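Novice: fold the following.
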Amino acid sequence: MSVIRVNGLVKRYGRRDVVRDLSFEVPAGSVTAFLGLNGAGKTSTLRVLLGLASPTRGSATVFGQPYAALDHPARRVGAVLEANASHPGRTGRRHLAVIAATAGVPKRRIAGLLDQVGLTAAADARVKTYSLGMKQRLALATALLGTPELLILDEPTNGLDPAGVRELRDLVRRHAATGGTVLVSSHQLAEIAQVVDRAVVIHEGRLVGSGPIDELTAGHDSLEDAFFALTQTATGVSA
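Specialist: As a prediction, this is how the structure comes out:
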């Protein structure tokens, strides 16, 4: 079963198509990398998936429905799109409490999540005093509040120190090991290659490759080499 289906998706801003006839699927139980250069259309695609933007044409669904049609969406999908999405005047603990109340999630989960993402000591400090890495950790805790089946993570390692990157890698592995599904966008190809089993590669809004990692990297020394071969071929540049 596919948890995510993107079918013929077009997203246009003004006169520019940033996503162009994009189609791919993410199977249940997989950890899938969503890869592309800056401006490739990754974040625009994720915003449509999460109901934050409307498709110009085509569709993008989770669990067979548009995100907005899900019952209790926070309990099915957890997302990290922007580390700065939390209110700067609230404490980290208060931010999670507000989100929990909105999503109908028990507040008793908050203490454990703060510990899980390494924010217990800073839980009662205001978010405006947080570093980028701390804001990223808070965004991860927010995504995990509803114990979701699906995680959608856009550049989740931004601002994280090596310990934070390792913790994120372990979190993704645990989520998949318990039957969850993860779609993760990242520029850190060597790091992401350690945790994903599939990849979707886009370039200038179009799909240029998708499938299991071992198939995509066949004939290449690494995921990074395969990625650049795919994107350079798409622009007519010899790899």
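Novice: helices or strands up against the longest helix anywhere in the chain?
Specialist: When the chain is parsed with DSSP state H, its longest helix is helix 162-177. If contacts are counted by 3 or more C-beta pairs under 8 Å, 6 or more residues apart in numbering; DSSP states H and E, helix 162-177 sits against strand 31-35, helix 132-144, strand 150-154, strand 181-185. For the C-beta atoms, the positions are set from N, CA and C on the backbone; glycine is no exception.
Novice: in the protein, which spans are strands?
Specialist: For the chain, strands defined by DSSP state E occupy the ranges 2-13, 16-27, 31-35, 57-62, 77-80, 150-154, 181-185, 198-203, 206-212.
Novice: between the fourth one and strand 16-27, how many degrees?
Specialist: To tie it back to what came earlier, the one meant is strand 57-62. Strand 57-62 runs at 40 degrees relative to strand 16-27, counting by axes from the mean of the first three to the mean of the last three C-alpha atoms, to 10 degrees.
Novice: which ones are touching the residue nearest to the spatial centre of the chain?
Specialist: The centre of the chain sits closest to residue 153, judged by C-alpha atoms, centre = their mean, with a distance of 1.7 Å. Neighbouring residues of residue 153 by C-beta atoms under 8 Å, 6 or more residues apart in numbering: 79-80, 140, 143, 172, 182-186.
Novice: by neighbours, which of these wins?
Specialist: residue 183 (27 neighbours; other C-beta atoms under 10 Å).
Novice: what's opposite that one in the beta bridge?
Specialist: Counting by DSSP bridges, residue 183 is bridged to residue 32, residue 152.
Novice: contact partners for it?
Specialist: 4, 26, 32, 34, 46, 150-153.
Novice: which residues of this protein score low on pLDDT?
Specialist: Scanning the chain with the threshold set as pLDDT under 70 gives 83, 234-239.
Novice: repeat the analysis, applying 80 as the threshold.
Specialist: Residues of the chain that meet the criterion pLDDT under 80 lie in 82-86, 233-239.
Novice: quick one: residue 165 and residue 157 touch, right?
Specialist: Yes: assessed by C-beta atoms under 8 Å, residue 165 is found in contact with residue 157 at 5.1 Å.
Novice: compare neighbour counts for the two and give me the winner.
Specialist: Higher neighbour count among residue 165 and residue 157: residue 157, with 20 against 15, using other C-beta under 10 Å.
Novice: so what's the more buried one up against?
Specialist: When contacts are counted by C-beta under 8 Å, 6+ apart, residue 157 touches 136, 164-165, 168, 186, 188, 191.
Novice: residue 91 too?
Specialist: Residue 91 makes contact with 123-127 under the criterion C-beta under 8 Å, 6+ apart.
Novice: rewinding a little: adding distance to residue 87, write the strands of the chain out as CSV.
Specialist: Output for those, formatted as CSV (distance: least, C-beta to C-beta, whole Å):
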stretch, distance to residue 87
strand 2-13, 27
strand 16-27, 29
strand 31-35, 28
strand 57-62, 26
strand 77-80, 16
strand 150-154, 20
strand 181-185, 25
strand 198-203, 33
strand 206-212, 37
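Novice: of all the ones you listed, which lies closest to residue 41?
Specialist: Residue 41 lies closest to strand 16-27 among these, at 4.3 Å (C-beta to C-beta).
Novice: which parts of that closest one are buried?
Specialist: Of the residues in strand 16-27, 17-20, 22, 24-26 count as buried by neighbour count, 16 or more other C-beta atoms under 10 Å.
Novice: report the distance from that strand to the chain centre.
Specialist: Distance of strand 16-27 from the chain centroid (C-alpha atoms, centre = their mean, to the nearest Å) equals 15 Å.
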